[in-house]
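Participant: fold the following and give me the result.
(chains A and B)
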Amino acid sequence: MNRLAGRRARVVVAMSGGVDSSTVAGLMVEAGHDVIGVMMKLYDRSEAAPGDGGVSGDPGAGRECCGLDDAADARRVADTLGIPFYVSDYQEVFRRAVIDEFVDAYVGGRTPNPCVRCNDAVKFKPLLARARKLGAEFLATGHYVRADVDASGRVELRRAVDAGKDQSYFVAGIAPEALARVVFPLGGMTKQEVRGHAERLGLPVAHKPDSQEICFVPDGDHAGFVAREAAERVAGPGALVSLDGTRLGQHRGLHHYTVGQRRGLGIADAEPYYVVGLRPERNEVIVGRRRDVTASGLVASRARWLHGPPAAGAAVTARVRHRHAGAAATVLRATDHEVEVAFSAPVGAVAPGQQLVLYDGDRVLGAATIDRGLSAGRTMAVEPLDAR
Amino acid sequence: MGRSYLDYNATAPLRPEVSRAMAGAAWGNPSSLHAEGRAARACLEGARETLARALGARPAELVFTGSATEANNLALRGLFGGPAGERPRLALSQVEHPSVVQTARALVASGQAEGADAIAVDGEGRLRPEALRRAVGRQTRVVSVLAASNETGVLQDIGAVVEAARAAGALVHVDAVQRFGRLPLDVASLGADLVTVSSHKLGGPRGAGALWVRPGVALRPQIAGGHQERNRRGGTEDVPAIVGFAEAARVATADLETEARRLAALRDRLWEGIAEAVPGVRVLGLAAPRLPNTLSLVFPGADGEALLFGLDLAGVAASSGSACTAGSLEPSPALLAMGLDEGTARSALRVSLGWASTAADVEHLTRVLPDIVARARQEAA
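Facilitator: Numbering: from 1, shown residues only, chains lettered A, B, ... in the order given. Sure thing, here's the model as predicted:
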C-alpha cells in the first residue's frame, strides 16, 4: 500500500508554507527520503490591480497564495528540515488557466471552481515534470486523500480518513498516470494528528491557521475581483425574474450570483427566494422558491475517469460541490466525455461550472464539469436559450 | 563530494586578506574630531587612496556608496533631477544591469528625463556602431554602458562609446562592476565621466560600492542630511566595509594578469569538457572579447530552472542569465536583445569563476552536467 515503504527515494514535496505540506516534508525527511521542497509561485498580490484593499508592493497587505509570507514560511520549514528548497514561477500559466477562466465563468453566468482547475491544469502536471527532471520518483503533496496502487499497478483514489478535511473532490480529475507518481501522506490522518506531527517535528508553522478562501481572492469578495479583472466585460444591473418571467426586481450584475444563492436578492417576501439560474443572453437572474432550486439529476461534460466511464445503471454517490456530502444517484448515461445522472432524492444548488465527482463508496470514479441540472417536472430555466 | 561555487558574477566569497583588514579597521565615526574619529578618518582615507590607486584615479574623485546599485542610481539620478531642461535624454545599451535600466525608466516616468534611447546590440551582445551613433545625439545628456556584461562577460568597446558621446557633447557613465579587478581598468585613460565599481564581486564585503566622478561633473546628491563624501552622499561611512573593499581591490589588481590567465585557462578547459559531453550546447559571445572568468551557455530545449535546481542538488552553484532575474521565468532581456528566442534564453546557464575557483570545481561541473541537461530536456511527463 505505501509505495515508499522500506526504501529510500528522492521525493519532491510541493510546499505552500502551510502546516499540511510542511508536515508532509517533515514526515518524508523523517522516513529517510531524499527530499526536495518546491514551491509554486502562482499569484503575487503585489501585482494585483490597485484598489483591491492591498497596497501595491506591500507584502503585508494580506494573506496571499504562495505570496511572500507563505514563501518565507516554507523556506523556514525547509531550513528547519535541512532540505533544498526552490521557488518556481508558474504565474503565467496560473493566470491563463485559472484566473482568466474564473473570470470568464462568472462573466458567462457559471460558478467556477478555481482550485479544481488549478490542480488539473497547473499543479500536478508541471510539478511531476519538474520532479522527473530533478531525478525524483515521486511527488508528495499535503492533500487529504488516499491514493493506493495495487499489485497490478492500478491506482485507486479514495476519500481521506478525516471526512471533514477530505480533498478527494479537488484531485478527482487528476489522470491515473499522474496519480501513480504522487503520494498523499496525509490521507490516512486527521488534521489533529497532522498538527501533532508538525509540533513533534518542531516545524515553525505548526500553529498556522488553515487558509479558507480562494488564494487570489483572500477577502472572499469574488464579485469584486471579477469586476476589477473584467470591468469592460461584466454586464451591469439587469432584471431579477421569476420562473414564469415576471420581473421581481433588479440584480447587481450576473457575477454577483450563483445558483442556489439566497442572500442579497433584495426581494421582500415572507418566503425566501433563491437563484435558480442565470441567463447571460438576457442579463437576467432567475429566482424561485426552495423547491425550484432542486434538481432531480444533472448533465456534465469534460469527464475524466480513473478507469473508464461507469456502466449505465450503476449506483453511485454524486458530489456537486466541495461542501456537499454527496447524494445517492444512478448513472443514466456515461461516455468518455459526458455523464448524466439521476439523483435518488432532489439535490439543491446544482450550479453549472462546478465540478461533479462520482464515488463508489469511498472510491473516486471520476470527475466532470456540470453543464446543467435536470428538473423533475418543469423545463428548467437554467437550460440555455439556444437549447430550445 | 563538496560544493563548487561557480557564481562569482553574483558574489564572491570574502578573501582572507579582506577579513583580516576589516577586523583591524577603526570603529569610530570619521566625522568626529576626537582620537577615535580621527583613527576612523585615517582608515577611510587610506582606503580611498588604495582604491584610487587600483583604479588609476585621484582619491578625491571617489564617492563611496552602499552598493554599486546605489552608485548607478547616483550617477544617473545625480545628472538629472529637477525639470528636464537641456539635453533631456539618456542613452543606454540593451544589455545594461537592472539598476541602470530601471533608474532610467524612473527618470523618464517622473518627467526628469524626456526619454531613454536603447542602443541595440548584435548577436554577440556588442553595441552596434550605427545604433550607437543613432542613439547618441544633441539631446543626450548621458550615455550609460556597462564595461562587461554580467550575464555573458562580453566586453563593450568603451572607446567607441566615449568617441560618440564626445562628438555629441554627452557625458559617459560606465558600469564597470564586472570588469574591475578582472581586467585592467584605468579611469584616467578610459575617457568616461562616471564609473561604477563594486566590492563584493572581487571578494570584498557587501555594503560597499563606489562611483568615480570626473572633476567638474556636477552631481545632485541623492541622500540628504549628511555632508559626507564631499556632500555627495550623506550617511556615516561604513569604514570596515570600505576598508575591506579597498583591500579586495588591492589584492585583485596586484596579480591581475596572472589571475586572469589562470581563470581563462579554467574557463576554456570547462568549455572544452562541456562541448564534448553535452550535445547542442552553445556559448554566448564566443566571437567577442570577454571577461576571462565568465562562460555563458545555452542548452536549447532544456528547462532552465530544472538545470539550476539539478546543479544545486549535485553540489554546483551557478545561475541563469543573472541573479537578479532568478525566481522568475521571465527570460533575460539582455539575452533576448542578442537575438535569442525565449525558450533558448530560458535555458541559459551562467558559470562565473573567481579567486577561490579550482580545477576541481570545473571538473565537478563537467562531470555532473551531461545527465542534468539530459533530464532537463525531457518532455513534460
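
Participant: pull out the buried positions in stretch B:349-369.
Facilitator: Buried residues in stretch B:349-369, counting neighbours by 16 or more other CB atoms under 10 Å in any protein chain shown, are found at B:349-355, B:357, B:361-362, B:364-366, B:368-369. From N, CA and C alone the C-beta is placed, and that goes for glycine too.

Participant: list just the nearest of the residues you listed to chain A.
Facilitator: B:V368 (11.2 Å; CB to the nearest CB).

Participant: any part of the lengthiest helix in chain A near chain B?
Facilitator: Assignment by DSSP state H gives helix A:68-81 as the longest helix of chain A. No. Contact between helix A:68-81 and chain B is absent, the nearest approach being 9.3 Å (criterion: CB under 8 Å from any CB of the partner chain).

Participant: quick check: next helix or strand after that helix?
Facilitator: Following helix A:68-81 in sequence order, the next helix or strand is strand A:85-89 (DSSP states H and E).

Participant: distance of the closest residue to chain B within the stretch 201-350 of chain A relative to A:V116?
Facilitator: Chain B sits closest to A:R304 of the stretch 201-350 of chain A, with a gap of 16.8 Å, by CB to the nearest CB. According to CB to CB, to the nearest Å, A:R304 and A:V116 sit 10 Å apart.

Participant: for residue 21, pull up the helix or strand it's in.
Facilitator: No chain in the question, so chain A it is. helix A:19-30.

Participant: not what I meant, chain B
Facilitator: Counting by DSSP H and E, B:A21 is part of helix B:16-23.

Participant: mean confidence for that helix?
Facilitator: Helix B:16-23 shows a mean pLDDT of 98.

Participant: next SSE downstream of it?
Facilitator: helix B:35-55.

Participant: next secondary structure element downstream of that following helix?
Facilitator: Following helix B:35-55 in sequence, per DSSP H and E, is strand B:62-65.

Participant: what sits against the residue of the stretch 201-350 of chain A closest to chain B?
Facilitator: A:120, A:172-175, A:366-368 (CB atoms under 8 Å, 6 or more residues apart in numbering or on different chains).

Participant: could you pull out the strands for the stretch 151-300 of chain B?
Facilitator: Listed in chain order, the strands of the stretch 151-300 of chain B (DSSP state E, counting those that start in this stretch) span B:171-175, B:194-198, B:209-213, B:282-283, B:294-298.

Participant: could you dump the ones you listed to JSON lines with mean neighbour count and mean pLDDT?
Facilitator: Listed next are the strands of the stretch 151-300 of chain B as JSON lines, based on neighbours: other CB atoms under 10 Å in any protein chain shown; pLDDT from 0 to 100:
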{"stretch": "strand B:171-175", "mean neighbour count": "26", "mean pLDDT": "98"}
{"stretch": "strand B:194-198", "mean neighbour count": "29", "mean pLDDT": "98"}
{"stretch": "strand B:209-213", "mean neighbour count": "28", "mean pLDDT": "98"}
{"stretch": "strand B:282-283", "mean neighbour count": "16", "mean pLDDT": "96"}
{"stretch": "strand B:294-298", "mean neighbour count": "25", "mean pLDDT": "97"}
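
Participant: distance to A:L127 added to those, as CSV?
Facilitator: As requested, the strands of the stretch 151-300 of chain B are exported to CSV (distance: least, CB to CB, whole Å):
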stretch, distance to A:L127
strand B:171-175, 39
strand B:194-198, 37
strand B:209-213, 40
strand B:282-283, 29
strand B:294-298, 25
